[in-house]
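In: no FASTA, just this:
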């Protein structure tokens, strides 16, 4: 799959430390990104009303299942919706990772999210390594390879971005 030319995430610079993130979740209590220090983390912003976001959830679930025995964490952050609506969606479509609730959009603003879905891949020190606004094809082997490189401190930074879910809709990606 062809990827768009690398670009900087809006307001976040590759290598920059990720903003703080501590929010309530649907079923895992309060989640704090700081508690995951030492593990690469995928932070995924979405909303249940967003059609591409809903389509991407199945791929994220398969990604989490493939990486369950590796040092990796996935946090999905629902933006701007009340808990009951989000809970109903995930009762019908369960996922194996925490779903955080950003009802007041404060996390979205801190992370400078400009589009949904948006994905931020952080290395073990929680520095930004990859970014994509728009849906990503998490089933593409390139996504696993990129995540493996983020997990390996000795690996050279990738110049390719995350693979878009739909090649007809280019995804803005970035890597250092």
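Out: Alright, I've got the coordinates. From a predicted model like this one, the values you see are computed outputs, not experimental measurements.
In: For residue 61, which three-state class applies?
Out: helix (DSSP: H, G, I helix; E, B strand; the rest coil).
In: List the residues that contact it.
Out: Contacts for residue 61 (C-beta atoms under 8 Å, 6 or more residues apart in numbering) come out as 95, 96, 97. (Each C-beta comes from the backbone N, C-alpha and C, glycine too.)
In: Weed out the non-buried ones from the residues you listed.
Out: Neighbour-count burial (16 or more other C-beta atoms under 10 Å) applied to these gives 95, 97.
In: count of residues packed around residue 89?
Out: Close neighbours of residue 89, defined as other C-beta atoms under 10 Å, add up to 20.
In: Confirm that it sits in a helix.
Out: Yes: secondary structure of residue 89 (three-state DSSP): part of a helix.
In: Contacts only, for it.
Out: Residue 89 neighbours (C-beta under 8 Å, 6+ apart): 48, 54.
In: rerun that using 6 Å as the cut-off
Out: Contacts for residue 89 (C-beta atoms under 6 Å, 6 or more residues apart in numbering) come out as residue 48.
In: same check, this time on residue 163
Out: Neighbour list for residue 163: 1, 137, 140, 142, 143 [criterion: C-beta under 6 Å, 6+ apart].
In: Return the per-residue confidence for the closest residue to the third one other than its chain neighbours.
Out: For residue 140, the nearest residue in space outside its immediate sequence neighbours is residue 163; the separation is 4.0 Å by C-beta to C-beta, 6 or more residues apart in numbering. Listed pLDDT for residue 163 reads 73.
In: before we move on, back to that, out of the contacts of residue 61, which are inside helices?
Out: Among the contacts of residue 61, no member falls in helices (DSSP state H).
In: for the contacts of residue 61, which one is nearest residue 28?
Out: Ranked by distance to residue 28 (C-beta to C-beta), these are led by residue 97 at 8.6 Å.
In: now the closest residue to residue 87 other than its chain neighbours: how far from residue 36?
Out: Distances taken as C-beta to C-beta, 6+ apart put residue 26 closest to residue 87, at 5.8 Å, once the chain neighbours are dropped. Here the criterion is C-beta to C-beta, to the nearest Å. By it, residue 26 lies 18 Å from residue 36.
In: Good, we can wrap up now.
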